[in-house]
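Q: please find the sequence and the predicted model below.
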Amino acid sequence: MKQCLVVDDSSVIRKVARRILEDLQFQITEAEDGQQALDACRNSMPDAILLDWNMPVMDGLEFLTSLRREPGGEKPIVVFCTTENDVAHIARAIRAGANEYIMKPFDREIVEAKFQEVGLI
Amino acid sequence: MTPTEYEFLKRFLKERSGLVLSDDKQYLVESRLVPVARKNNIDTLSGLVMAMQRGGNAVLANAVVEAMTTNESFFFRDKTPFEHFNNIMLPAMLEKRASSRSVKIWCAAASTGQEPYSLGICLKEAAHKVAGWRFRILGTDLSSEVLEKAKAGIYSQFEVQRGLPIQMLLKYFAQQGDLWQINPDLRAMIEWRKLNLLENFSHLGEFDIVFCRNVLIYFDQQTKIDILQRIAKMMPEDGFLVLGAAETVVGLTDAFQPVAGQRGLYQLKQAAGASAAPRMAMASSFGLK
């Protein structure tokens, strides 16, 4: 079973994402901000990370930049999932090493399509 | 809606568009036609049927046909046909049309345009191979409403997130608020025309590649046969036909035969055995995987 780390400061979003991803046969761990996510990755690198942008303590972009510098940090496939829906943000995320990008609001079909896109399912 | 009214709609749609509605599609009729009724200030579906029976309202009749025959579409739908395009059809055409450097593609049920644009993106991505070539893509659909949308090339955030990799979105679209529009050079690659597949379409000319996906499923057996045979007449013997995942020519016509091992891909019968190029192209596509 593939591991997916869901990083979002909203418990509602984490719950929705967990439900969708569990149906797609992922084992889910959760983090509420970038720092928690980084700690979780240092403990065990997941196969996939669904990543919010705006979060307290450490935001998604900062987390991603740090992650990609960690040993083994190039491995997880990172899918941003954020309300930052403009070209400039998307381009920054891709440059920082994001593999895909979901613009909120999202639904099951979009998550599935994007995870297929990057070969996770 | 009474059974008599449903029967009327079934008969009307069969005659006008070839659409075959089974008896269990009342929910579909309701979900598609209630908005049409409202738009025309009619309260109920019974009222809509009555207005149609009175006749004389061509606009309303068209709106009903369009609402019932419009289908959901998304970019790179089902993926495989586009892999076939990149790995089999395009290499075969680049070899066989080397003298004319001209290839014509027809998307026979283009709907809101995602399929022709996806093919356009494939060609853009293969720009180094097709430089100096002329690719014409024609997108046709029964519905002028969906063709307007296709032509504008403007899609919602939901639509651009199904099937389209984010890199392609950045590369081939411009953002307009919450909407995304296909770039002008990609839009210019496609020609759009309103066309009912039940009517004669031989005037469109010859096509090397025909995408006719997810439309035959709505027709009865005889109509499917008729359309496939008329398409066959418009194709050179080394042309390709692409059908939807749930469609086949098997049991319908001898004009086409499946390309072995390539789901949904067909060639004219005399060509498939004789032509070496598609086989070579297939071998190389296997090699890539």
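A: Nice, thanks for sending it over.
Q: going forward, measure contacts between C-alpha atoms and count neighbours the same way
A: OK.
Q: test my guess that B:Ala255 contacts B:Ile231.
A: No: with contact defined as Cα atoms under 8 Å, B:Ala255 does not reach B:Ile231; the gap is 9.5 Å.
Q: more neighbours, these two?
A: B:Ile231 (21 against 18; other Cα atoms under 10 Å in any protein chain shown).
Q: specify the local secondary structure of that one.
A: Each residue gets one of three states, and B:Ile231 gets helix by DSSP: H, G, I helix; E, B strand; the rest coil.
Q: what's the distance between it and A:Ser11?
A: From B:Ile231 over to A:Ser11 the distance is 54 Å, taken as Cα to Cα, to the nearest Å.
Q: do the same with B:Ala67
A: The value you get for B:Ala67 to A:Ser11, if Cα to Cα is used, is 40 Å.
Q: ditto for B:Val64
A: B:Val64 is 44 Å from A:Ser11, by Cα to Cα.
Q: please say which of the two ends up with more neighbours.
A: A direct count of neighbours by other Cα under 10 Å for B:Val64 and A:Ser11 places B:Val64 higher, at 24 against 13.
Q: start to end distance for stretch B:99-110?
A: Using Cα to Cα, the end-to-end distance of stretch B:99-110 comes to 29 Å.
Q: what's the spacing between the top helix by length along chain A and its chain's center?
A: Ranked by residue count and defined by DSSP state H, the top helix of chain A is helix A:11-23. Averaged C-alpha coordinates place helix A:11-23 at 12 Å from its chain's average position (Cα atoms, centre = their mean, to the nearest Å).
Q: so A:Lys114 is in which element?
A: Per DSSP states H and E, A:Lys114 falls inside helix A:108-117.
Q: tell me how far that helix is from the chain's mean position?
A: 13 Å.
Q: close to chain B, is that helix?
A: Yes: among the residues of helix A:108-117, A:109-110, A:113-114, A:117 lie within reach of chain B under Cα under 8 Å from any Cα of the partner chain.
Q: a markdown table for the residues you listed, including pLDDT?
A: As requested, the residues of helix A:108-117 next to chain B are exported to a markdown table (pLDDT from 0 to 100):
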| residue | pLDDT |
| --- | --- |
| A:Glu109 | 88 |
| A:Ile110 | 93 |
| A:Ala113 | 93 |
| A:Lys114 | 96 |
| A:Glu117 | 92 |
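Q: among the residues you listed, which one has the most neighbours?
A: Taking other Cα under 10 Å as the neighbour criterion, A:Lys114 ranks highest of these with 23 neighbours.
Q: can you verify my assumption that that residue contacts B:Gly163?
A: Yes: using Cα under 8 Å, A:Lys114 is in contact with B:Gly163, at 7.4 Å.
Q: can you list the weak-confidence ranges in chain B?
A: Counting by pLDDT under 70, the ranges of chain B that qualify are B:71, B:271-289.
Q: now the residue nearest the centre of chain A: which helix or strand?
A: In chain A, the residue lying closest to the centroid (Cα atoms, centre = their mean) is A:Leu50, at 1.9 Å. Element membership for A:Leu50 (DSSP H and E) is strand A:48-51.
Q: elements contacting that strand?
A: For strand A:48-51, the elements it packs on are strand A:2-7, strand A:77-82, judged by 3 or more Cα pairs under 8 Å, 6 or more residues apart in numbering or on different chains; DSSP states H and E.
Q: up against chain A, what does the stretch 101-250 of chain B have?
A: Residues of the stretch 101-250 of chain B lying near chain A (Cα under 8 Å from any Cα): B:157-158, B:161-163, B:165-166, B:170, B:175.
Q: kindly recompute the last result at 7 Å.
A: B:161-163, B:165-166, B:170 (Cα under 7 Å from any Cα of the partner chain).
Q: re the thing from before, do I have it right that the residue nearest to the centre of chain A meets A:Ile77?
A: No: counting by Cα atoms under 7 Å, A:Leu50 does not reach A:Ile77; the two are 8.7 Å apart.
Q: relative to B:Lys269, how far out is the spatially closest residue to A:Asp9 that is not a sequence neighbour?
A: Leaving out its chain neighbours, the residue that sits closest to A:Asp9 by Cα to Cα, 6 or more residues apart in numbering or on different chains is A:Glu32, at 4.5 Å. From A:Glu32 across to B:Lys269, the span is 60 Å (Cα to Cα).
Q: burial measure for B:Met68, as a count.
A: Neighbour tally, B:Met68, other Cα under 10 Å: 20.
Q: that one against B:Ser31, yeah?
A: No: using Cα under 7 Å as the test, B:Met68 is too far from B:Ser31 to be in contact (9.5 Å).
Q: now list whatever residues contact both of these two.
A: Shared contacts of B:Met68 and B:Ser31 (Cα atoms under 7 Å, 6 or more residues apart in numbering or on different chains): none.
Q: tell me the contacts of A:Ile28?
A: A:Ile28 touches A:3-6, A:18, counting by Cα under 7 Å, 6+ apart.
Q: next one: B:Asn41
A: If you count contacts by Cα under 7 Å, 6+ apart, B:Asn41 has none.
Q: thank you, goodbye.
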